Each structure stands twice: as C-alpha cells, then as structure tokens.
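> missing the sequence, but the structure's below:
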C-alpha cells in the first residue's frame with residue numbers, strides 16, 4: 001500500500017548506509033595518509049601512493065576479521081595475539097626479519113604458504129612506503145620470550161593503524177588500545193587509540209541528514225561531540241585532562257575554525273595524542289560533506305600532516321560515507337580496491353560470519369582460506 005513502510009526495504013537501506021560509512025572510514029584514512037604525506041599537493045596525474053599507516057591499517061582490519069573467525073570456530077580467541085600475527089605478516093612482506101617471523105609462526109617444516117590469507121598477495125603491501133620505527137623495533141623482538149616487545153613509543157602509528165577497529169563496535173574500543181600496545185607501550189598512545197575508536201563509532205552511527213540537500217555540518221559536529229561526551233564517563237571514560245583536551249579542540253573548531261597556528265598548537269609532533277587532537281580539530285573545522293578535500297588540505301599543514309590528515313579523513317569518511325569522497329582521488333588510489341574489499345568483508349564477518357562457526361556450516365567455502373583464524 002502507498003505510504004506503508006517496508007521493514008525489509010528499510011533494513012536493506014540501513015545496511016547500504018552502514019557499508020558506505022565503513023568504506024568511507026577506510027578510504028578516508030588512506031586519502032588522508034596520502035595527501036598528508038604530500039603536504040596537500042599530490043601529483044596531478046597517475047596513481048596515488050599508499051602510506052605506511054594505510055598498509056598497517058589494512059592488516060589491522062584483516063586481523064580483526066581473522067580474530068572473529070577464530071572466535072567463531074574455536075570458541076576462544078585473544079585478539080591482540082591474532083593482530084600481532086597480522087603485523088608480523090606485514091613485516092615479513094616488507095622483508096623485515098622474515099626468517100625470524102617464519103620461525104615464530106611456522107613451528108615445523110611445512111608446504112603451507114606463509115604469510116597466508118589473501119592480503120599477503122597484494123604487491124603494494126610489500127613495498128616500503130615510509131618508516132614505522134617503533135612498530136619495526138617491537139616486531140624485531142618477536143622471538144624474545146622474556147620481555148614485552150613493545151617500545152616506550154607514543155608515536156602516531158599507535159592510533160592511525162588501529163582506526164579500523166571502530167567498525168567492530170564500541171565493545172572493541174579497549175582492543176584498539178591493546179592493539180596499539182603491542183608495539184607502543186606509552187599509556188597516552190594507547191589511550192589515544194581507544195579515544196579514536198569511540199569517536200569513530202559515533203561517526204559511523206550518526207543520524208542521517210533531515211533532507212537530501214543538507215550539507216552535513218550539523219551531523220558531523222554532533223557525532224563528534226557525542227563521542228567526546230561518551231569519553232567523559234562510563235566504560236570508555238578517560239582522564240579529566242584528556243577529556244578537557246578533546247573538548248578544547250572541538251570548541252576551537254567551532255569558534256575558531258581552520259587556524260593553522262591553532263592546529264600546530266594542538267598537534268605539534270608525530271605522536272598519537274597530537275594526531276587525535278589535530279584530526280578532531282580539522283574534521284570539526286570542515287564538517288560539511290562537500291569540504292572533505294579542504295579538510296585534508298588543511299590537516300596536511302600540521303607539523304606531522306600525514307597522521308593528522310589520516311585521522312581527519314577517517315572521521316569525515318565515517319560520517320558522510322564513501323560517496324562523499326572526491327572521485328578523482330579515490331579512483332587513483334592504488335589501494336582503493338583493497339580497502340573497499342576489507343571494509344565489505346569486515347561487515348560481512350560481523351553480520352553474517354561467511355565461514356560459519358564450530359557447529360554451523362558457513363555459506364562461503366573459501367572464507368577460511370581468505371581469513372584463516374589464527
């Protein structure tokens with residue numbers, strides 16, 4: 001009947017909107033990483049190169065899927081261990097301590113290929129695209145049984161590489177801190193990863209605009225403000241000082257948007273807390289759906305532009321969805337298909353578990369080979 005709501009259609013529409021936002025998060029962080037590294041001036045033609053934050057974020061997303069697969073099939077799972085394995089696969093592809101990594105993860109001679117999973121077959125992920133000193137140093141200690149491998153670093157990769165964790169829901173926010181802590185032992189860096197996951201969760205679940213023509217300024221800022229408020233109390237509460245810094249960055253964006261000097265003050269260095277505050281300020285300074293490129297160009301001007309723009313792109317991509325991203329940039333990014341596939345597969349695992357479980361047969365016989373549960 002005319003005017004009657006169709007629950008199935010509404011559910012399909014909701015699923016499409018969610019998928020667009022998850023794709024927006026993944027593609028947005030990658031565009032931010034790329035434009036930030038280029039200081040907002042990428043080449044006019046040709047492929048856009050992925051940065052190391054994007055490479056590591058791909059392996060975080062893949063590791064989360066594999067952790068979920070393992071939990072479904074084995075009944076128990078320690079996600080940080082599965083994600084550590086993911087980072088070791090990245091290191092092996094990069095030629096970093098390859099034999100040591102193999103000894104750690106392949107306990108006996110075997111014909112089985114390692115690194116395994118489909119992501120290991122992506123050539124771009126085997127290319128050096130910048131430095132990740134804390135991550136590399138920690139992973140190089142993988143065979144040391146007597147100490148934690150993490151360094152005392154508070155570097156920005158603790159945050160940028162863990163941004164995809166937000167897709168798994170707020171219950172996974174503490175895991176973002178655990179994943180950061182695999183290699184970065186600083187408490188502020190781990191806290192920044194948790195805060196980023198909470199802010200991104202609210203961006204992903206923000207209400208839709210009231211009308212098709214609404215630019216989205218209100219939606220984006222309300223989502224960020226809700227995320228900040230969620231960090232004030234409850235299970236994801238941060239210290240009073242940390243919460244005040246987030247609130248200050250947001251208020252600056254509302255009252256004094258897009259001031260380079262303020263951005264430099266909020267994000268003075270290449271640390272995770274700086275990337276978080278700078279990304280929040282840039283995203284809230286340019287909250288409109290049509291200001292994505294302007295937001296990344298501004299964020300790229302921070303002292304460590306790639307990390308700040310990476311966070312900015314993830315936040316705005318999560319709010320507005322993949323369709324809001326500049327087509328001329330997305331279509332040229334060398335990992336666009338990989339990021340899009342990871343986004344879709346992460347949602348498929350959350351919603352439908354294609355490989356089934358210990359007691360239920362899955363509908364995709366190839367899922368376990370794509371995402372082995374270990």
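That came in fine, so what should we check first? Being a predicted model, the structure only gives us computed values, none of them experimental. Residues are numbered from 1 along each chain as shown.
> contact partners of the strand or helix carrying residue 343?
For residue 343, the host element (DSSP states H and E) is helix 336-352. Residues outside helix 336-352 that contact it (CB atoms under 8 Å, 6 or more residues apart in numbering) are 15, 18-19, 22-23, 25-27, 30, 54, 58, 61-62, 64-65, 68-69, 119, 122, 124-125, 164, 167-169, 322, 330, 333, 354, 363, 370-371. Any C-beta I mention is one placed from the backbone N, CA and C, and that applies to glycine too.
> tell me which residues of that helix are tucked away?
Judged by neighbour count using 16 or more other CB atoms under 10 Å, the buried positions of helix 336-352 are 336, 338, 339, 340, 341, 342, 343, 345, 346, 347, 349, 350.
> from the contact counts, what lies against whichever helix or strand comes after that helix?
Helices and strands here follow DSSP H and E; after helix 336-352, the next one along the chain is helix 367-370. Using 3 or more CB pairs under 8 Å, 6 or more residues apart in numbering; DSSP states H and E as the contact criterion, the elements in contact with helix 367-370 are helix 52-74.
> buried stuff in the helix it packs on?
52-73.
> ok, now stretch 162-181?
Those would be 162-168, 170, 172-181, for stretch 162-181 by 16+ other CB under 10 Å.
> you'd agree residue 25 is up against residue 200?
Yes. Checked against CB atoms under 8 Å, the pair residue 25 and residue 200 is within contact range at 6.5 Å.
> which neighbours do the two share?
Joint contacts of residue 25 and residue 200 (CB under 8 Å, 6+ apart) are 163, 166, 314, 318.
> could you find the closest non-adjacent residue to the first one?
Sequence neighbours aside, residue 314 is the residue nearest to residue 163 in space, at 4.8 Å (criterion: CB to CB, 6 or more residues apart in numbering).
> my read is that that neighbour contacts residue 27, right?
No. Counting by CB under 8 Å, residue 314 does not reach residue 27; the two are 9.3 Å apart.
> got the contact list for stretch 261-271?
With CB under 8 Å, 6+ apart as the contact definition, stretch 261-271 has outside contacts at 154-156, 188-189, 249, 252, 256, 274-275, 277-279, 281-282, 298-299, 301-304, 307-308.
> now do it: distance from first to last residue.
End-to-end span of stretch 261-271 (CA to CA, to the nearest Å): 18 Å.
> buried residues in it?
For stretch 261-271, the neighbour count (16+ other CB under 10 Å) marks 262, 263, 266, 267, 269, 270, 271 as buried.
> cool, stretch 199-210 as well?
Going by neighbour count (16+ other CB under 10 Å), the buried part of stretch 199-210 is 199, 200, 201, 202, 203, 204, 205, 206.
> between these, which sits nearest residue 104?
residue 200 (31.1 Å; CB to CB).
> do you know how far that closest one is from residue 288?
As judged by CB to CB, to the nearest Å, residue 200 and residue 288 stand 19 Å apart.
> now stretch 200-208: mean pLDDT?
The average pLDDT for stretch 200-208 rounds to 95.
> which residues are in contact with it?
Under the criterion CB under 8 Å, 6+ apart, residues 17-18, 21-22, 25, 163, 166-167, 169-170, 173, 219-220, 222-224, 226-227, 230, 314-316, 318-319 lie in contact with stretch 200-208.
> narrow these to just the buried residues.
For the contacts of stretch 200-208, a burial check counting by 16+ other CB under 10 Å picks out 18, 21-22, 25, 163, 166-167, 170, 173, 219-220, 223-224, 226-227, 230, 314-316, 318-319.
> return the subset of those residues lying in helices.
The members of these that map onto helices under DSSP state H are 18, 21-22, 25, 173, 219-220, 223-224, 226-227, 230, 314-316, 318-319.
> can you name every helix or strand that the lowest-mean-pLDDT helix or strand in the chain contacts?
Lowest on mean pLDDT, DSSP states H and E among the helices and strands of the chain sits helix 98-105, with a mean of 90. Helices and strands touching helix 98-105, as assessed by 3+ CB pairs under 8 Å, 6+ apart, comprise helix 79-93.
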